[in-house]
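Undergrad: Need a 3D model of the following:
(one chain, ligands or ions: 1)
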Amino acid sequence: MIEFRNVSKQYSPDAMALRDVSFTVEKGELVFLAGPSGAGKSTLLKMIAAMERPSAGQVIVNGQDIAKIKSSAVPFLRRNLGLIFQQQRLLTDRNILANVMMPLLVTGASRHQAEQRARAALDKVGLLDRADSQPLALSGGEQQRVSIARAIVNRPQVILADEPTANLDRASANKVLDALKAFHSVGVTCLISSHDEQMLDAAARVIHLKHGQLEVAA
Ligand SMILES: Nc1ncnc2c1ncn2[C@@H]1O[C@H](COP(=O)(O)OP(=O)(O)OP(=O)(O)O)[C@@H](O)[C@H]1O
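TA: Purely as a prediction, here's the structure:
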């Protein structure tokens, strides 16, 4: 489903983010991406979503080579991906329900259908009772679970989460992780970057990155 073949990414002559990285993630797998700050975790996740292109090697997602994909095809690729990235914060001028409805409205769903599906997605992350709240009235962990609801409302085949538990206390981090695991249990492929040792200890598969290289082939 996701394959990296000898992938390198060089942002500039002295910024080599990934070096000769190869691995495969099968459909339905839950994989953690570990490594210190600057190891290349975000870069790797961005490449799967065609937010960055490889400088060398191939990134294959659902049989498509990301380096060759036309920019007009990128929205279709992303429609199958649920992205939970730090940059994509909730919009603070509208309520939780409106935030989760947004991906559906921009792809042409009716308001009625979008609302039904957004409520179902909020229910899955345990926050249906907060649908009318404003984002800033929620804790960091709750906001992160809303981000997960927003990422899965389009029913993507793959979830990419970049440090989804960063800055959360243990209890909130566990709830975020449980929400992600629930999607994995219904067949969604999940790739999650994390510094969190406790989270990694419990993981079936961990890909370790250091200075842009794979440390242990998983
Ligand atoms: N747009 C960019 N332009 C130039 N260099 C970049 C860019 N994005 C990342 N880098 C560099 O690439 C390397 C890998 O960065 P990346 O963000 O992928 O690491 P990371 O493991 O996700 O780190 P963190 O955990 O701190 O987010 C770093 O040295 C970083 O400074």
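Undergrad: Quick one: end-to-end length of stretch 4-18, please.
TA: 11 Å (Cα to Cα, to the nearest Å).
Undergrad: contact partners of it?
TA: Residues external to stretch 4-18 that are found in contact with it (Cβ atoms under 8 Å, 6 or more residues apart in numbering): 19-24, 40, 43-44, 47, 52, 54-60, 209, 212-213. Yep, even glycine has a C-beta here, placed from its N, CA and C like the rest.
Undergrad: What about those residues, which are in strands?
TA: 19-24, 56-60, 209, 213 (DSSP state E).
Undergrad: In the lowest-mean-pLDDT helix or strand in the chain, which residues are buried?
TA: Sorting the helices and strands of the chain by mean pLDDT, DSSP states H and E puts helix 197-201 at the bottom, at a mean of 76. Using 16 or more other Cβ atoms under 10 Å as the test for burial, helix 197-201 gives residue 199.
Undergrad: How about stretch 172-190?
TA: Neighbour count says stretch 172-190 has 172, 173, 175, 176, 177, 179, 180, 183, 184, 188, 189, 190 buried, by 16+ other Cβ under 10 Å.
Undergrad: How about the fifth one: what's its closest non-neighbour residue?
TA: Spelled out, that is residue 177. Distances taken as Cβ to Cβ, 6 or more residues apart in numbering put residue 199 closest to residue 177, at 6.0 Å, once the chain neighbours are dropped.
Undergrad: surely that neighbour meets residue 168?
TA: No. Counting by Cβ atoms under 8 Å, residue 199 does not reach residue 168; the two are 10.7 Å apart.
Undergrad: can you tell me the helix or strand for the closest residue to residue 150 other than its chain neighbours?
TA: Counting by Cβ to Cβ, 6+ apart, residue 150 lies nearest to residue 100, which is 4.9 Å off, once chain neighbours are set aside. Per DSSP states H and E, residue 100 falls inside helix 96-106.
Undergrad: what sits up against the biggest helix by length in the chain?
TA: As assigned by DSSP state H, the longest helix anywhere in the chain is helix 170-185. The contact list for helix 170-185 (Cβ under 8 Å, 6+ apart) reads 28, 30, 82, 124-126, 139-142, 144-145, 148, 152, 159, 161, 164-165, 168, 190, 192, 196, 198-199.
Undergrad: same thing but 6 Å
TA: 30, 125, 141, 144, 145, 148, 152, 159, 164, 165, 190, 199 (Cβ atoms under 6 Å, 6 or more residues apart in numbering).
Undergrad: how about the helices in the chain?
TA: 41-48, 74-79, 96-106, 111-124, 140-152, 170-185, 197-201.
Undergrad: so which of the ones you listed comes closest to residue 130?
TA: Between residue 130 and these, the shortest separation by Cβ to Cβ is 5.5 Å, and it involves helix 96-106.
Undergrad: Pull out the buried positions in that closest one.
TA: Result for helix 96-106 [16+ other Cβ under 10 Å]: buried residues 96, 97, 98, 99, 100, 101, 102, 103, 104.
Undergrad: got those residues as JSON lines, with pLDDT and distance to residue 118 columns?
TA: As requested, these are exported to JSON lines (pLDDT from 0 to 100; distance: Cβ to Cβ, whole Å):
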{"residue": "96", "pLDDT": "98", "distance to residue 118": "9"}
{"residue": "97", "pLDDT": "98", "distance to residue 118": "6"}
{"residue": "98", "pLDDT": "98", "distance to residue 118": "8"}
{"residue": "99", "pLDDT": "97", "distance to residue 118": "8"}
{"residue": "100", "pLDDT": "97", "distance to residue 118": "4"}
{"residue": "101", "pLDDT": "97", "distance to residue 118": "4"}
{"residue": "102", "pLDDT": "95", "distance to residue 118": "9"}
{"residue": "103", "pLDDT": "92", "distance to residue 118": "9"}
{"residue": "104", "pLDDT": "93", "distance to residue 118": "7"}
